[in-house]
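> Just the structure for this:
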Amino acid sequence: MKQRGAVEAIGLLLRDRRLRERFAAERKIVLEELKVVPEEWNCLLHLSLEQLGNQAESLIEKRQGAVAKLIPVTWRRLGCRAQQQYRDYVDSADWPPTHQRHLIDAEWFYCFLAEHRVEAYSRDEHHWVRFLLSRRRFSIQLLRTPDRQSHQRFVLQCCFRGRRLPFKKTISLFRVKSR
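The predicted structure follows:
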């Protein structure tokens, strides 16, 4: 079995709050479970838990800021609940692994919101994020979105990947009164 170095173990501790909590209580047991190379135990056993927690918070805030920029309508609709919803999502999900991690993070956050039936969920933003993650050149989607004054708005969203940057156009079709 592959043994981990101190850097990889710290990375795992930064990404997983529950693992950090267990590490605070049972450092040696967690290091054994992570299969950390014995020569590197000493530096991990003397690791400052406060600094580790601060660094983890900093990384989560950076992720949160990137996702909030990608999905501004949903973030605004969530209002004061946005940060807590995102923290709940982070506690339940893995960290996205690839160079598209911010887009993947936004997609997974949307899935979390949809699964928990959060009203602030913006379907047109979600479609846009999915399009950006895909390799498709063109996408058309009929979407129903909440509107002011208890109405539903039906829109046609067209996404296109040009030579330079992808772009989208949303065309409002009609509005109906919600039940």
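> going forward, measure contacts between C-alpha atoms and count neighbours the same way
Noted.
> Just the CA trace of the helix ranked longest in the chain, in CSV.
The residue-count maximum for a helix in the chain (DSSP state H) belongs to helix 49-70. Taking C-alpha atoms only, helix 49-70 is exported to CSV below (Å, rounded to 0.1, in the frame of the first residue of the first chain):
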residue,chain,number,x,y,z
LEU,A,49,-4.1,22.9,15.1
GLU,A,50,-5.0,26.6,15.2
GLN,A,51,-2.8,27.3,12.2
LEU,A,52,-4.2,24.3,10.4
GLY,A,53,-7.8,25.4,11.1
ASN,A,54,-7.0,29.0,9.9
GLN,A,55,-5.5,27.7,6.7
ALA,A,56,-8.5,25.5,6.1
GLU,A,57,-10.8,28.4,6.6
SER,A,58,-8.8,30.5,4.2
LEU,A,59,-9.1,27.9,1.5
ILE,A,60,-12.8,27.5,2.0
GLU,A,61,-13.3,31.3,1.8
LYS,A,62,-11.3,31.4,-1.4
ARG,A,63,-13.5,28.6,-2.9
GLN,A,64,-16.6,30.4,-1.7
GLY,A,65,-15.5,33.6,-3.3
ALA,A,66,-14.9,31.9,-6.6
VAL,A,67,-18.3,30.1,-6.6
ALA,A,68,-20.1,33.3,-5.6
LYS,A,69,-18.6,35.1,-8.6
LEU,A,70,-19.7,32.3,-10.9
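> Show residues contacting it.
Contact with helix 49-70 is made by 13-15, 20, 24, 75, 83, 86, 90, 102-103, 105-106, 129, as judged by C-alpha atoms under 8 Å, 6 or more residues apart in numbering.
> switch the cut-off to 10 Å
Under the contact criterion C-alpha atoms under 10 Å, 6 or more residues apart in numbering, helix 49-70 has outside partners 10-11, 13-17, 20-21, 23-24, 74-76, 82-83, 86-87, 90, 95, 101-107, 109, 125-126, 128-129.
> Could you give me the ChimeraX selection string for whichever of these are buried?
Remark: buried members of the contacts of helix 49-70, expressed as a ChimeraX selection using 16 or more other C-alpha atoms under 10 Å:
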select :13,14,15,16,17,20,23,74,75,82,83,86,90,95,102,103,104,105,106,107,109,125,126,128,129
